[in-house]
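1. generate coordinates for the sequence data below:
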Amino acid sequence: MRVLLVDDEPPTLTGLTRLLSSRGHTVRTVGTCAAARAVDGNFDVAVVDLHLPDGVGDELAASLLTQSTAERIVFYTASDQQALKWRASRRGTVVTKDEPITVLLDALEN
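-> Predicted coordinates:
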């Protein structure tokens, strides 16, 4: 599976890249909304943080889906903003970073 990973936390990018690559996925990482919008290629799924330095993940997700950059979205976030998570859930699955990593893997692979 081709995965676009959008997060501004280097440890998250590194850890998820290693994990997903070890499971046979091809991973491209970026740290901002602007970088995600500029990516060439199509991805099976984009894993998007809701809080990014230059924007909000649910708005980025709308762009990625409209531009056909990603076929689907999984949000991976530490946000405690219920309204934001609810808005995001209209565009994709929302997984919080305090949940077991298996929840994220299930959302990606099933």
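2. going by C-alpha atoms from here, please, whenever you check contacts or count neighbours.
-> Fine.
3. select the longest helix from this protein.
-> helix 10-22 (DSSP state H).
4. which strands and helices sit next to the helix or strand just after that helix?
-> Sequence-wise, the next helix or strand downstream of helix 10-22 (DSSP states H and E) is strand 26-30. Contacts defined by 3 or more CA pairs under 8 Å, 6 or more residues apart in numbering; DSSP states H and E place strand 26-30 against strand 2-6, helix 10-22.
5. Gln82 versus the nearest residue to Thr29 once chain neighbours are set aside, what's the distance?
-> Excluding its sequence neighbours, the residue lying closest to Thr29 (CA to CA, 6 or more residues apart in numbering) is Leu5, at 4.7 Å. For Leu5, the distance to Gln82 equals 22 Å [CA to CA, to the nearest Å].
6. for His25, what are its contacts?
-> Going by CA atoms under 8 Å, 6 or more residues apart in numbering, His25 touches Met1, Arg2, Val3.
7. narrow those residues to just the buried residues.
-> Arg2, Val3 (16 or more other CA atoms under 10 Å).
8. let's have the contacts of His25 in CSV, adding pLDDT and distance to Leu13.
-> Listed next are these as CSV, based on pLDDT from 0 to 100; distance: CA to CA, whole Å:
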residue, pLDDT, distance to Leu13
Met1, 97, 17
Arg2, 98, 15
Val3, 98, 12
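9. alright, I will stop here.
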